[in-house]
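Asker: missing the sequence, but the structure's below:
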């Protein structure tokens, strides 16, 4: 009996606890970073990360951790991972989890939970986290058995990284974290997912629709960017001489300096690029997802024929009547569709030149404008001049996002990042940290209003401590400017949108960052260049004059097409 007892003890010692097993499973999935804040109930997991090769990025708010995981996933295609304790810590992960879900970014959120013997009753810090995360995830579950860890971890990453990508939530009870499986376990093998070729019959039907078209337009969305469809889109547009517009999330998947580029759609009013859709009879929507923007803005009467090209079926919408769905890899689908069309078939479009001229004139207006505070067009023009084609800018939600999304020339996918699914504020600064970690060879600029900045400004300390160089450009108007804009448009007045700020330069410097105050229009570009070239964390406070907002919408309202 003594010998058997010794044998059992040795076997038990050879079996790692769930915390270490979970960390090994994360390593097998290729996880490089876990963003989070430790809690009493997940100390073993945090400790197990030491020496694992996975870098734990300690943040100052769990919401920021969730945004970091989202942006890391969006840029790499591999699920970003965030971690929190139970109760309030887990609840703070909700916003970034919902943002990742609606923005189709792969992410796995991990949270501690109370022990299984008390989760069924009212207990300290225990709420039903799994149910809470269900509406904002593709899968939400609780690990209730140590032996299930490899399977549940693999399922979490497989689900998050599927097409369409999204968020997954796993709760780890504190007693399960400390337990050991019945026998030694290993991470499961990762099954590679191969892109599917489109159905020949779908291609044939789509070719019939396109051959009968007179004025087709391509709309490339986030799914096209995720699929790396730039080369195929370019071949398709050049083969048929078709104009290509993008959604805000698709910016850069078709370069804005290509002659066939129409620009981006998604603004709250009928913008220049929308005129390219007014006379269209067929829309070839490549990787477009309805949550990116309302299709009623480009198909108000629901009378345009739509060819939906995506790895996943289209959502049902009265303004998105799909004539043909081509399901499969977008690049293969576009090449197959071009091949199936009659030789010599091309289209003649005229609106593109007028649209490009209007966009160019706005940017030139910004370059030449010396007004202070700066007009937003000047900010966009200077940011474009300061950044290289492959550098990354994150435009936080607000009036600045609208100007950047519609006006900022973008040449590669995922180089101008916005939140246009949930459109949340506060993601850009923490997201910039993750962007620099995911793409260390690129310079990263987080551009935001003063309202967005102070929602997660504490992450300046994270960036400084972790030595992650980035630049935060804060557009200062002491107002929730987008709401003011909307109120003035809709009801002719505004209220309850004004606030005050601390000394933003002193505030940045108190974290160990560098601070720059813009005091004239011609200062922004040289300061941007200096800060971007520094191996440091910098904050630029730039006063902006958003009286241009209403002038823009008035100007757009006076335009009449077709052109």
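Answerer: Yep, it's here. Model, not experiment: these values are computed from the prediction.

Asker: so what's residue 235 up against?
Answerer: Going by C-beta atoms under 8 Å, 6 or more residues apart in numbering, residue 235 touches 334, 335, 338. Every residue, glycine included, has its C-beta placed from N, CA and C.

Asker: let's see it at 10 Å
Answerer: By C-beta atoms under 10 Å, 6 or more residues apart in numbering, the contact set of residue 235 is 331, 334, 335, 338.

Asker: what does residue 72 give?
Answerer: Shown in contact with residue 72 (C-beta under 10 Å, 6+ apart): 31-33, 35, 57, 78-82, 105-107, 431, 433-435, 437-439.

Asker: Which pLDDT value goes with it?
Answerer: Residue 72 is assigned 98 on the pLDDT scale.

Asker: quick one: buried residues of the lengthiest helix in the chain?
Answerer: Longest helix of the chain, by residue count under DSSP state H: helix 351-368. Buried residues in helix 351-368, defined by neighbour count with 16 or more other C-beta atoms under 10 Å: 351, 352, 355, 356, 358, 359, 362, 363, 366.

Asker: Quick check: the two most widely separated of those residues?
Answerer: Distance extremes for the buried residues of helix 351-368: the farthest pair is 351 and 366 at 23.2 Å, using C-beta to C-beta.

Asker: and residue 256, how many neighbours does it have?
Answerer: Using other C-beta atoms under 10 Å, residue 256 is surrounded by 20 other residues.

Asker: Please apply the same query to the one 4 residues further on.
Answerer: Neighbour count of residue 260, defined by other C-beta under 10 Å: 21.

Asker: again with the one 5 residues further on
Answerer: Each residue near residue 265 was counted by other C-beta under 10 Å, and the total is 26.

Asker: Contacts only, for it.
Answerer: 219, 221, 245-248, 250, 271-274, 276-277, 292-293, 295, 297-298, 405-406.

Asker: what is it paired to in the beta sheet?
Answerer: residue 247 (DSSP bridges).

Asker: And it, how close does it get to residue 41?
Answerer: As judged by C-beta to C-beta, to the nearest Å, residue 265 and residue 41 stand 46 Å apart.

Asker: Please identify the buried residues of the helix or strand hosting residue 235?
Answerer: In this structure, residue 235 sits in helix 230-240 according to DSSP states H and E. Within helix 230-240, the residues scored as buried using 16+ other C-beta under 10 Å are 230, 232, 233, 234, 236, 237, 239, 240.

Asker: do stretch 520-539 as well
Answerer: Buried residues in stretch 520-539, defined by neighbour count with 16+ other C-beta under 10 Å: 521, 523, 524, 525, 527, 528, 531, 532, 537, 538, 539.

Asker: I'd like the list of the contacts of residue 72 that fall within strands, please.
Answerer: Those of the contacts of residue 72 mapping onto strands are 33, 35, 57, 80, 81, 82, 107, per DSSP state E.

Asker: farthest-separated two in those?
Answerer: Greatest spatial distance among those (C-beta to C-beta): 57 and 107, at 14.4 Å.

Asker: More neighbours: these two, which one.
Answerer: Each of residue 57 and residue 107 has its neighbours counted (other C-beta under 10 Å); residue 107 has more, 35 against 23.

Asker: Now do the contacts for the nearest residue to the more buried one once chain neighbours are set aside.
Answerer: Closest residue to residue 107 apart from its sequence neighbours, by C-beta to C-beta, 6 or more residues apart in numbering: residue 100 at 4.0 Å. Residue 100 is in contact with 66-67, 69-71, 73-74, 79-80, 82, 106-109, 136-137, 160, 165-168, 419, 421-422, 427, counting by C-beta under 10 Å, 6+ apart.

Asker: so where's this protein shaky on pLDDT?
Answerer: 1-14, 350-351, 561-563 (pLDDT under 70).

Asker: helices and strands around the host helix or strand of residue 549, which ones?
Answerer: Using DSSP H and E, residue 549 sits within helix 548-558. Contact analysis of helix 548-558 by 3 or more C-beta pairs under 10 Å, 6 or more residues apart in numbering; DSSP states H and E lists helix 351-368, helix 376-386, helix 399-407, helix 481-491 as its packing neighbours.

Asker: Out of those helices, the one nearest residue 126 is which?
Answerer: Closest to residue 126 of the helices and strands packed on helix 548-558, according to C-beta to C-beta: helix 481-491, at 36.9 Å.

Asker: Toward the C-terminus, what is the element adjacent to the closest one?
Answerer: helix 504-510.

Asker: Sheet-wise, list the partners of whatever helix or strand comes next after that following helix with their directions.
Answerer: Under the assignment DSSP H and E, the closest C-terminal helix or strand after helix 504-510 is strand 514-517. Here strand 514-517 is paired, per DSSP bridges, with strand 537-543 (parallel).

Asker: angle of the partner strand against helix 376-386?
Answerer: Interaxial angle, strand 537-543 versus helix 376-386 (axes from the mean of the first three to the mean of the last three C-alpha atoms, to 10 degrees): 150 degrees.

Asker: thinking again about what came up before, how about the buried residues of helix 230-240, which pair is most distant?
Answerer: 230 and 240, at 16.6 Å, using C-beta to C-beta across the buried residues of helix 230-240.

Asker: give the contact list for residue 134.
Answerer: Residue 134 neighbours (C-beta under 10 Å, 6+ apart): 128, 140, 141, 169.

Asker: Please name the nearest non-neighbouring residue to the last one.
Answerer: Meaning residue 169. Distances taken as C-beta to C-beta, 6+ apart place residue 133 nearest to residue 169, at 3.8 Å, with adjacent residues excluded.
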